[in-house]
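Participant: Sequence and computational prediction follow.
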Amino acid sequence: MVDDLARHDRVAALLAGPLAWHTVEHVAESTSTSDLALARARAGARPGLVVVADRQTAGRGRQGRTWLDGPRQDASLLLTAVAEAPPVHPTLVPLAAGLAAADAIRRAGASPWLKWPNDVLLDERKTAGILVEQHAVRNTHLVLVGIGINVDWRGVDRAGDQGAWTSVAEQTGAAVDRGDLLADLLRGLAAWLHSVPSDPLRLLVSYRDVCATIGAAVRVSFPDGTAVEGRAVDLDREGRLVVDTPERQMAVSAGDVEHVRAAR
């Protein structure tokens, strides 16, 4: 039986309030929350729908990677929020989602940093990831904002790649209420998505302030197999990472970024 997060007091109050979110659909399992959210949108669901799953059988990250859910039903918060695509600066949406996730994790008692373009770090280890997709559905341009947060992975064997991951509860040493985390995340996401067209400068300044990538020596690997190394120095107006390389300064819009050494 699913402990329905839509019935959580704070989530229910948020859905009844003035923000754009009108429905939280919480399921026990889905291939991915983005798949289910897109299916609901194609079936007529309006922007403002949020799909939450306890487990994903085919969760995915950027560039086709698999997203790991964690060992228990309540170990992670996995969701996709459906919103209308902003009329300008759509490349800032992943940054808005990152800020919302970081804000919610901070309210839970941890101290997050952002790794450009789509990760949230605690103690230099990944605790949340973001995947934004754009779709045209019935002449409406939508963004599907997928966010996965590791809520409580205490006691999990960290063999292999999982050693690079952590969770909010591990960092705070206390249990985390998933309903509170969801309410804080949706409240922040509504505000930061509003900033994309209305106040992009504020969004960029806020992101720079908590971005561990800026100032770090980085290696950027591109989808075509090439790579560059340099120092990440800034974000441009479209949210691209500005990297100083020995040859030139370049703005990176897509690629895997590895921190060669800690930024701070």
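Facilitator: Received the coordinates, thanks.
Participant: what residue is smack in the middle of the chain?
Facilitator: By CA atoms, centre = their mean, the mean C-alpha position of the chain lies nearest to Ile130, the distance being 2.9 Å.
Participant: Now do the contacts for that one.
Facilitator: 94, 97-98, 101, 118-120, 145-147 (CB atoms under 8 Å, 6 or more residues apart in numbering). For every residue, glycine as well, the C-beta is placed using N, CA and C.
Participant: Can you tell me the element it falls in?
Facilitator: Per DSSP states H and E: Ile130 is located in strand 125-137.
Participant: Okay, domains of the chain per the record?
Facilitator: 5-209, 217-259 (automatic domain parsing).
Participant: Read off the pLDDT value for the residue nearest to the centre of the chain.
Facilitator: pLDDT, Ile130: 97.
Participant: Can you give me the separation between the closest residue in space to it that isn't next to it in sequence and Gly148?
Facilitator: Of all residues not flanking Ile130 in the chain, Asn118 sits nearest, at 4.2 Å (CB to CB, 6 or more residues apart in numbering). Distance from Asn118 to Gly148, counting by CB to CB, to the nearest Å: 10 Å.
Participant: Ok, Ser32 next?
Facilitator: Using CB to CB, Ser32 is found at 10 Å from Gly148.
Participant: neighbour count winner among those two?
Facilitator: A direct count of neighbours by other CB atoms under 10 Å for Ser32 and Gly148 places Gly148 higher, at 29 against 22.
Participant: Am I right that that one falls within a strand?
Facilitator: Yes - judged by DSSP: H, G, I helix; E, B strand; the rest coil, Gly148 forms part of a strand.
Participant: Quick check: it touching Ala128?
Facilitator: Yes - at 6.4 Å, Gly148 counts as touching Ala128 under the criterion of CB atoms under 8 Å.
Participant: hmm, back to that, okay, who's weakest in the contacts of Ile130 by pLDDT?
Facilitator: pLDDT across these is lowest for Asn118, at 92.
Participant: can you state the direction angle for the longest helix anywhere in the chain and strand 125-137?
Facilitator: Of all segments of type helix in the chain, defined using DSSP state H, the longest is helix 178-198. In terms of direction (axes from the mean of the first three to the mean of the last three CA atoms, to 10 degrees), helix 178-198 departs from strand 125-137 by 60 degrees.
Participant: Take helix 178-198, keep the C-alpha atoms, and write them as CSV.
Facilitator: What follows is helix 178-198 as a C-alpha-only set of coordinates in CSV (Å, rounded to 0.1, in the frame of the first residue of the first chain):
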residue,chain,number,x,y,z
ARG,A,178,9.6,12.8,2.4
GLY,A,179,6.3,14.9,2.5
ASP,A,180,8.1,17.9,3.9
LEU,A,181,10.9,17.5,1.4
LEU,A,182,8.4,17.3,-1.4
ALA,A,183,6.5,20.3,-0.3
ASP,A,184,9.7,22.4,0.0
LEU,A,185,10.9,21.2,-3.4
LEU,A,186,7.6,22.1,-5.1
ARG,A,187,7.4,25.5,-3.5
GLY,A,188,10.9,26.3,-4.5
LEU,A,189,10.5,24.8,-8.0
ALA,A,190,7.5,27.1,-8.7
ALA,A,191,9.4,30.1,-7.6
TRP,A,192,12.6,29.4,-9.5
LEU,A,193,10.7,28.4,-12.7
HIS,A,194,8.9,31.8,-12.4
SER,A,195,12.4,33.4,-12.3
VAL,A,196,13.5,31.9,-15.6
PRO,A,197,11.5,34.4,-17.8
SER,A,198,10.9,37.1,-15.1
